[in-house]
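Participant: just coords:
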DNA sequence: CGCAATCTTGAGAATGCTCAAAAGTGGTGG
DNA sequence: CCACCACTTTTGAGCATTCTCAAGATTGCG
């Protein structure tokens, strides 16, 4: 279940969309997948009330859990991962604001993998009851969430291609391109830059490389003038070349206009 | 085991479950996920009528397609894959009898990957209309199919772990264990043996290894007395040791008793 | 200011790759 | 029924990418 943190705790609330009237990341994300009506948006805006903060490197859902609510990332980054017998960790997905942790909770008895924060996060838990009673104008929300799950599947397949067959430098290039597009979709990129609050160890556990090699590969990307990366902030200096290098084609992210 | 089926049309009828009153692979697969009523089974048995044969190495669904029906594998093996710019192919899933190719057809505009047969297959196409009108006792079928999709997701995550972090010999050991369990679930394993109609090139494209290294790794598995593999038929000689080597834990396959 | 985590660098080693060619297999048409 | 052809499997040899180990530099946080 969720680790010992109660909703009430305030972990120094950052300046965030929470205080303004802007749509939260979940709304932005789902709006890219289905056209949401005003009532749907209003309903989704309500999740802010249930939001709470979680520090970095904290389990959100453990392997074997049977969560009783749908967990949504509103700010920060989290990841899905599996542990191998020796303790090695393979990250199988990044969760960014607007992403859903366990959409299939209704059908899946227990989690086959775990979810943990990478950076400090703001998170909401949607009650299973509330979700299953969405109907009428609101079941567009369910459809949008299902579509989001399909995009997650597509991302996972793309990661398998990445790790299964691309060289180190291409893997990282591809990952950085994907994250740019995903952050853009929820309004969290400025131009070709975004915050990437993960360590090189995290990148290593994502790409199937050693930390040492991740480090050297990042240096090579910088040397080639493709990226700048300092203080957990990534600036892509030459997106076209980075895309070519990473063999990146955004089609699998379904970022076109919302399909009718 | 009722027989409510019309005597099969013959596409050069092989000796197969088709001619007997046995449940087809789809029924067996879904029955492992939900308890099906007799009417659900009868409905599923009807797909035999729409079955047709496809030779090996033939595309079933191309990337970019928007299929108008749900494709089901009844016999043989197929795979999902993506092609990289240079032509390299990464296989992202094996489809065995009882598996569904494109369950999300209602929500996904176009396929982000392709599906092709590996061996000669018998395949059925379920009309989208027919599926969307399943209701009452039959919507248990929909539930079972959704659960099957979740298992596919879990398998994909496990493959990412496999390719992202295990050594060559562990990767192949893991894959062989997984396939044993999946074939067993649809009654296609005899003891610890099963037909594995894929080439070493296919295995290479699956595991992210070169064909040469696959070949040498298979020899090592034989040398250690873990497997026998000839004429596309795999016999696992020491399942316990193969599981340990492959770090295989069947939990992610949801093969327990059907969950209520 | 100091600890702990993270990043960086060096050097040697291993796993797995490429290229190339030979040997085996199965299907097909003459 | 055999010969041939394409595909697949196997083997050898050298090499590249990436890993491991280890230590030193840097950063961020309390």
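Facilitator: Yep, it's here. Note that the coordinates shown come from a computational prediction; the quantities given were computed from them, not determined experimentally.

Participant: Next, the buried residues of stretch A:247-260.
Facilitator: Neighbour-count burial for stretch A:247-260, with 16 or more other C-beta atoms under 10 Å in any protein chain shown as criterion, is recorded at A:247-248, A:250, A:252-254. No exception for glycine: its C-beta is placed from N, CA and C like everyone else's.

Participant: distance between that stretch and the chain's centre?
Facilitator: How far stretch A:247-260 lies from its chain's middle: 16 Å, per C-alpha atoms, centre = their mean, to the nearest Å.

Participant: any chance of the buried residues of stretch A:247-260 in CSV, plus pLDDT?
Facilitator: Below are the buried residues of stretch A:247-260 laid out as CSV (pLDDT from 0 to 100):
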residue, pLDDT
A:247, 98
A:248, 98
A:250, 95
A:252, 95
A:253, 94
A:254, 87
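
Participant: Considering the residues you listed, which is situated nearest to DNA strand D?
Facilitator: Minimum distance to DNA strand D across the buried residues of stretch A:247-260 is 13.8 Å, recorded for residue A:247 (C-beta to the nearest atom of the strand).

Participant: got the contact list for the closest one?
Facilitator: Contacts for residue A:247 were tallied using C-beta atoms under 8 Å, 6 or more residues apart in numbering or on different chains; they are A:166, A:170, A:174, B:84-85.

Participant: is it true that residue A:156 touches residue B:160?
Facilitator: Yes: using C-beta atoms under 8 Å, residue A:156 makes contact with residue B:160 at a distance of 6.7 Å.

Participant: for chain B, what are the nearby residues on chain A?
Facilitator: Proximity of chain A to chain B, by C-beta under 8 Å from any C-beta of the partner chain, involves residues A:80, A:82, A:84-85, A:88, A:90, A:92, A:104, A:107-109, A:112-113, A:143, A:146-147, A:150, A:153-154, A:156-161, A:163-166, A:207-208, A:247, A:251-252, A:254, A:259.

Participant: Pull out the buried residues from those.
Facilitator: Counted by 16+ other C-beta under 10 Å, the residues of chain A next to chain B give A:80, A:82, A:90, A:92, A:104, A:108, A:112-113, A:146-147, A:150, A:153-154, A:156-161, A:163-166, A:207-208, A:247, A:252, A:254 as buried.

Participant: Show me those residues that map onto helices.
Facilitator: Taking DSSP state H as the definition of helices, these contribute A:146-147, A:150, A:153-154, A:156-161, A:163-165, A:207.

Participant: Counting by contacts, list what the helix or strand hosting residue A:42 packs against.
Facilitator: Under DSSP states H and E, the secondary-structure element containing residue A:42 is helix A:38-45. The contact analysis (3 or more C-beta pairs under 8 Å, 6 or more residues apart in numbering or on different chains; DSSP states H and E) places helix A:38-45 against helix A:25-31, helix A:139-165.

Participant: ok, for residue A:232, nearest residue in space, not its chain neighbours?
Facilitator: In space, residue A:232 comes closest to residue A:197 once its chain neighbours are excluded; the distance is 4.9 Å by C-beta to C-beta, 6 or more residues apart in numbering or on different chains.

Participant: Is there a neighbour count for the one you found? I'd like the number.
Facilitator: Other residues near residue A:197 come to 17 when the count uses other C-beta atoms under 10 Å in any protein chain shown.

Participant: Tell me the confidence at it?
Facilitator: pLDDT for residue A:197: 96.

Participant: mind checking the SS state of it?
Facilitator: Classification of residue A:197 by DSSP: H, G, I helix; E, B strand; the rest coil places it in coil.

Participant: Need phi/psi at it.
Facilitator: Note on residue A:197: backbone dihedrals following degrees, to the nearest 10 are phi -80, psi 50.

Participant: Let's have the helices and strands packed on helix A:38-45 in TSV, adding distance to residue A:97 and mean pLDDT.
Facilitator: Compiled in TSV, the helices and strands packed on helix A:38-45 are given as follows (distance: least, C-beta to C-beta, whole Å; pLDDT from 0 to 100):
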stretch	distance to residue A:97	mean pLDDT
helix A:25-31	3	95
helix A:139-165	13	95
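
Participant: Any idea which of those helices gets closest to DNA strand D?
Facilitator: helix A:139-165 (10.0 Å).

Participant: right, and the helix or strand after that closest one?
Facilitator: Moving toward the C-terminus from helix A:139-165, the next helix or strand (DSSP H and E) is helix A:168-185.

Participant: Which positions within that following helix qualify as buried?
Facilitator: A:168-180, A:182-185.

Participant: which of those come close to DNA strand D?
Facilitator: Contacts with DNA strand D within the buried residues of helix A:168-185, as defined by C-beta under 7 Å from any atom of the strand: A:168-169.

Participant: Quote the end-to-end distance of stretch A:110-117.
Facilitator: End-to-end distance for stretch A:110-117: 19 Å, by C-alpha to C-alpha, to the nearest Å.

Participant: Could you pull out the buried residues of that stretch?
Facilitator: Buried residues in stretch A:110-117 (16+ other C-beta under 10 Å): A:111-117.

Participant: how about these in TSV, adding distance to DNA strand C and pLDDT?
Facilitator: Formatted as TSV, the buried residues of stretch A:110-117 follow (distance: C-beta to the nearest atom of the strand, whole Å; pLDDT from 0 to 100):
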residue	distance to DNA strand C	pLDDT
A:111	24	94
A:112	24	95
A:113	21	96
A:114	18	96
A:115	18	97
A:116	12	97
A:117	12	97
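
Participant: among those residues, which two are most distant?
Facilitator: Pairwise distances across these peak at 19.4 Å for A:112 and A:117 (criterion: C-beta to C-beta).

Participant: one step back: find the residues that touch each one of residue A:156 and residue B:160.
Facilitator: Taking C-beta under 8 Å, 6+ apart as the contact rule, residue A:156 and residue B:160 both touch residue A:92.

Participant: Let me see the contact set for the spatially closest residue to residue A:63 that is not a sequence neighbour.
Facilitator: Closest residue to residue A:63 apart from its sequence neighbours, by C-beta to C-beta, 6+ apart: residue A:114 at 4.4 Å. Taking C-beta under 8 Å, 6+ apart as the criterion, residue A:114 is in contact with A:59, A:61-63, A:80-83.
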